[in-house]
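Enquirer: would you be able to build a 3D model of this:
(one chain, ligands or ions: 1)
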Amino acid sequence: MRFTEEHQQLRRTVRDFVEKEINPHVDEWEKAGAFPAHEVFKKMGRLNLLGVNKPEEYGGLGLDYSYQMCVTEELGTCRCGSIPMAIGVQTDMATPALARWGTHELKKEFLAPAIAGECVAAIAVSEASGGSDVAAIKTTAKKDGSDYIINGSKMWITNAAQADWLCLLVNTGDGPVHANKTLVIVPTKTKGVEIGAKIAKLGMHASDTCPVFFENVRVPQRNRIGEEGMGFMMQMVQFQEERICGAIGSVRGMDRLIDATIEYCKERETFGQPLIANQVVHFRMAELKTEVEALRSLCYRCVEEYINGTDATMLASMAKLKAGRLAREVSDSCLQYWGGMGFTWDNPAARSYRDSRLLSIGGGADEIMLGIIAKLMGILPRRKKS
Ligand SMILES: Cc1cc2nc3c(=O)[nH]c(=O)nc-3n(C[C@H](O)[C@H](O)[C@H](O)COP(=O)(O)OP(=O)(O)OC[C@H]3O[C@@H](n4cnc5c(N)ncnc54)[C@H](O)[C@@H]3O)c2cc1C
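Expert: Coordinates of the predicted model:
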């Protein structure tokens, strides 16, 4: 990956933004269980940070995904995982399919304001009955004249409490489960959409997560993204950016925590010497740094394939898997060396320990990544047809 001056400039812009507009408020927003998404997104929109790889026609910068990757990587300088995740939903989870397959009218109505930061978007795929098995979703959209009537519910929807629209995966037919699904844009103000109470979570506290219920929700069929029945395929493609975002988004946070832990271990003395002087401690820090660099390289290689148009599914799944596991290892190891301090609520290792746990679950759990990798390796046993 060769970075240009434009990449570096973009990185500086994001780091400055995080330092000025996000980090001073993180503790307050984490305590409040929410951050003002409209306010933050508007500021990001003014800096062109929400549509870096989106078409210029809709307000984006029209750059390739390596630039978006730099934005995501630098958002990792936030002192929490929740706000980068909420931003990632807007840029890498709820809008890629719309940008790629939406009609001009749909993009004007929903993509352009998302890029400008004038609205908040959410991706609504998972359901209470199961998130890993996307093909098994139950929410339906039935045709009625030129509209769809939507019934069902979604679970675990990030940004839902503040979202203006949802990129919603629904069943539009009774056919085979991989060919009966469609992505539809649903404004949350539509009659029959109910956003449930915020879910109390282990971590990611400044990000709101809610169930969403649909009762006879009428939306025009022109809100459909691409062709009917192609939703499963589109969502699988949309997952690529979500997974790359999750993986590269974790790297700076790990760097930051390792650095903070090293600083603490230089100051903290036990048995007459700084903690860092113990070989077990400085070797562990060196080992973790090495692992983080390996993950960073894997992410860069994956993005190189992605922007070259090669199928990046294997590397994206590997990067997501590795990131989830490494984030848990880094936060657990670092927390250990903060001792009792690491066990206190506001400690950076404790927050990372809580936040990073999601990475092995959301956007496809570790086992789902392993299934994809095994399938692409040709070693996943075929299921017997019943
Ligand atoms: C904070 C948070 C935010 C989220 N945000 C969103 C969002 O914005 N939009 C959205 O659509 N979804 C969102 N999700 C949902 C998330 O993607 C799902 O939780 C995830 O896909 C797992 O689905 P599940 O919780 O139903 O677990 P299940 O599908 O019930 O799986 C449970 C566990 O079983 C294991 N498992 C599953 N299948 C297999 C298998 N085949 N082999 C072996 N082991 C297996 C895995 O370890 C998995 O974690 C969010 C979740 C959380 C917690």
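Enquirer: just the strands in this structure please.
Expert: Taking DSSP state E as the criterion, the chain carries its strands at 121-124, 140-144, 147-158, 165-171, 181-187, 193-195, 209-220, 224-225, 269-270, 273-274.
Enquirer: which other helices and strands does the fifth one contact?
Expert: So the one you mean is strand 181-187. Applying 3 or more C-beta pairs under 8 Å, 6 or more residues apart in numbering; DSSP states H and E, we find strand 181-187 packed against strand 147-158, strand 165-171, strand 209-220, strand 224-225, helix 231-267. Bear in mind the C-beta positions are built from the backbone N, C-alpha and C, glycine included.
Enquirer: the fourth one pairs with which strands?
Expert: Taking DSSP bridges as the criterion, strand 224-225 sits next to strand 181-187 (antiparallel) in its sheet.
Enquirer: contacting residues for Lys108?
Expert: Taking C-beta atoms under 8 Å, 6 or more residues apart in numbering as the contact definition, Lys108 lies against Tyr58.
Enquirer: for the ligand, what are the nearby residues on the chain?
Expert: Within reach of the ligand by C-beta under 6 Å from any ligand atom, the chain has these residues: 89, 122-126, 130-132, 156-158, 201, 204, 209, 358, 361-365, 367, 371.
Enquirer: Glu74 and Gln9 touch, don't they?
Expert: No. If you go by C-beta atoms under 8 Å, Glu74 and Gln9 don't touch, sitting 11.3 Å apart.
Enquirer: higher neighbour count, these two?
Expert: Comparing Glu74 with Gln9 by other C-beta atoms under 10 Å, the one with more neighbours is Glu74, at 23 against 11.
Enquirer: tell me the pLDDT at that one?
Expert: You'll see Glu74 listed with a pLDDT of 98.
Enquirer: which non-adjacent residue is nearest it?
Expert: Counting by C-beta to C-beta, 6 or more residues apart in numbering, Glu74 lies nearest to Val14, which is 3.7 Å off, once chain neighbours are set aside.
Enquirer: ok, and for stretch 231-241, which residues are buried?
Expert: Going by neighbour count (16 or more other C-beta atoms under 10 Å), the buried part of stretch 231-241 is 231-235, 238-241.
Enquirer: can you show me the CA trace of it as PDB?
Expert: Listed next in PDB are the C-alpha coordinates belonging to stretch 231-241 (Å, rounded to 0.1, in the frame of the first residue of the first chain):
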ATOM      1  CA  GLY A 231     -30.800  -8.400  -1.400                       C
ATOM      2  CA  PHE A 232     -29.000 -11.300   0.100                       C
ATOM      3  CA  MET A 233     -26.200 -11.100  -2.500                       C
ATOM      4  CA  MET A 234     -26.000  -7.300  -2.100                       C
ATOM      5  CA  GLN A 235     -25.800  -7.600   1.700                       C
ATOM      6  CA  MET A 236     -23.000 -10.100   1.400                       C
ATOM      7  CA  VAL A 237     -21.100  -7.600  -0.800                       C
ATOM      8  CA  GLN A 238     -22.000  -4.800   1.600                       C
ATOM      9  CA  PHE A 239     -20.600  -6.900   4.500                       C
ATOM     10  CA  GLN A 240     -17.100  -6.600   2.900                       C
ATOM     11  CA  GLU A 241     -16.800  -3.000   3.700                       C
END
